[in-house]
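Student: 3D model of this:
(one chain, ligands or ions: 2)
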Amino acid sequence: MEFKNSLVFAQQLDAIDPLRKYRNEFHFPKVKGKDVIYFTGNSLGLQPKRSQKFIDDIMKDWKDLAVEGHFHAEKPWWDYHERLAAPLAKVVGAKTPEVSVMNTLTVNLHMLMVSFYRPTQKRFKIICEEKAFPSDQYMLNSQVQFHGFDPDTAIVEVKKRPGENFWQTQDVLDKINEVGEELALVLIGGVNYYNGQVFNMEAITRAAKAQGAFVGWDLAHAVGNVGLNLHDWGVDFAAWCSYKYMNSGPGNASGIFVHQKYLNNNEIPRFEGWWGTRKETRFLMKPEFEPMENADAWQVSNPPVLSLAPYLASLEMFEEVGMETLISKRKLIVAYLEFILQEIDKETEGSFEIITPKDRGCQLSVFLHGQGKELFNYLMENGVITDWREPNVIRLAPAPFYCSFADMYNFGQILKSGILAKG
Ligand SMILES: Cc1ncc(COP(=O)(O)O)c(C=O)c1O
Ligand SMILES: Nc1ccccc1C(=O)C[C@H](N)C(=O)O
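Tutor: Numbering: from 1, shown residues only. Ligands and ions are numbered 1, 2, ... in the order given. Below you'll find the predicted structure:
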């Protein structure tokens, strides 16, 4: 499609957008009385209007039923989390029993490391990407130390090539083969938080499995954003947060994936709690732990239903729309944003550079040449919500659920005036 840098053209794209009615399903913050142009769905997704009712229902059941709500609410709390598994399984390409919702992301990565990082003197190394999200680095370092190994030798980072802003798949594969029999685990962010790159999860998983290692993915920036096929790819485990593209609210519950082959499998160690034991006998309060037959075996505590409620509301919308529609709009709107950026870059004589590679999801990361935080501040003051990452990068993620093509055009105009104002 040939794009045009005009409002009329952007509005034409909006008119044929199958997701256009969903924009009104979200609350937009306002700046100077106008809805903002929201580019930070990769950090915190907007609030779906319908999430309020899901929370209110629980507050009402708690008010009216108190403890009876566990079993007698319209959506009983004791198995409330089970409602999330089937719609989530579709989002991540899993079988329903492979998915559960619990805790928060870094906590879940730790819990899954209990099962999937069991180093021996011979096989103890972990491959990850250089400059992984800091929480993942802290998680990996502390796990390695917990097992008595030295992070400097046990953690092997795949680096970008000099002068390049992205990782080459071949370099990840080569590193896997080089570490070979010492490789215990590969754990990488499926979509990188900084440059927006989508890793070739299928090829990397295959290569790591061929070396006899476990493979886990941190899908914080991938879930609800890119196509995932965790079961068929043979991924061992994955975890994600729900507050970015999944729009479930700040700090909200995390999802996990555990491959079917580890369900009902006594070889796999876990840290256990009462919500992981079979629900049929849970309230007999017996000393024996009998694991649930699905990924709920990894559940520890009774789930925080007030935070699962907005996640369920959001999943209802993913069910209605489906990942395919979201992905095709996402591809189009990101391509349009890229086009708008390129046009502005020409007009302002090379004032920035897109560092996101072609293997990308929703996010374009833009390196600002000679423009500093003032430009970022100018955007924010003019109703464009982006985020700033040191040293000089703004990240733009036009979430397909609620961003419009007109937003992209209008953003371009604001960006141009910001750059020109600074001169
Ligand atoms: C890749 C990645 N890993 C981990 C986290 C941390 O998540 P949480 O604070 O929910 O544990 C985030 C986002 O905050 C992230 O983007
Ligand atoms: N949960 C947060 C709480 C406070 C500030 C940022 C976050 C983020 O999620 C950051 C995000 N992971 C990122 O890719 O920058």
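Student: pLDDT weak spots in the stretch 1-150 of the chain?
Tutor: Within the stretch 1-150 of the chain, not a single segment meets pLDDT under 70.
Student: what's the burial count for the closest residue to ligand 2 within it?
Tutor: Closest to ligand 2 within the stretch 1-150 of the chain is Ser43: 4.7 Å, counting by CB to the nearest ligand atom. The way it works is simple: take the backbone N, C-alpha and C, and place the C-beta from them, glycine included. By other CB atoms under 10 Å, 16 other residues sit near Ser43.
Student: same check on Glu178?
Tutor: Around Glu178 there are 12 other residues, counting by other CB under 10 Å.
Student: and what of Gly45?
Tutor: Around Gly45 sit 26 other residues, with neighbours defined as other CB under 10 Å.
Student: so it touches Tyr243, yeah?
Tutor: Yes. Using CB atoms under 8 Å, Gly45 is in contact with Tyr243, at 6.4 Å.
Student: I'd assumed Ile37 was in contact with Asn410.
Tutor: Yes. Asn410 is within contact range of Ile37, at 6.2 Å (criterion: CB under 8 Å).
Student: pick out whichever of these two has more residues nearby.
Tutor: Ile37 (24 against 19).
Student: that one: what's it in contact with?
Tutor: Contacts for Ile37 (CB atoms under 8 Å, 6 or more residues apart in numbering) come out as Gly383, Val384, Ile385, Cys403, Asp407, Asn410, Phe411, Ile414.
Student: and for Thr348?
Tutor: By CB under 8 Å, 6+ apart, the residues touching Thr348 are Lys416, Ile419, Leu420.
Student: top of those by number of neighbours, please.
Tutor: For the contacts of Thr348, neighbours were counted using other CB under 10 Å, and Ile419 has the most, 21 neighbours in all.
Student: which residues in the stretch 301-423 of the chain form strands?
Tutor: 352-354, 364-368, 384-385, 387-389, 393-396 (DSSP state E, counting those that start in this stretch).
Student: burial-wise, tell me which of those comes out on top.
Tutor: strand 393-396 (a mean of 23; mean count of other CB atoms under 10 Å).
Student: partner strands of that one and their direction?
Tutor: strand 364-368 (antiparallel), strand 387-389 (antiparallel) (DSSP bridges).
Student: not counting its neighbours along the chain, what's nearest the residue nearest the centre of the chain?
Tutor: In the chain, the centroid-proximal residue (CA atoms, centre = their mean) is Ala220; its distance is 2.4 Å. Closest residue in space to Ala220, ignoring its immediate chain neighbours: Cys241 at 5.0 Å, by CB to CB, 6 or more residues apart in numbering.
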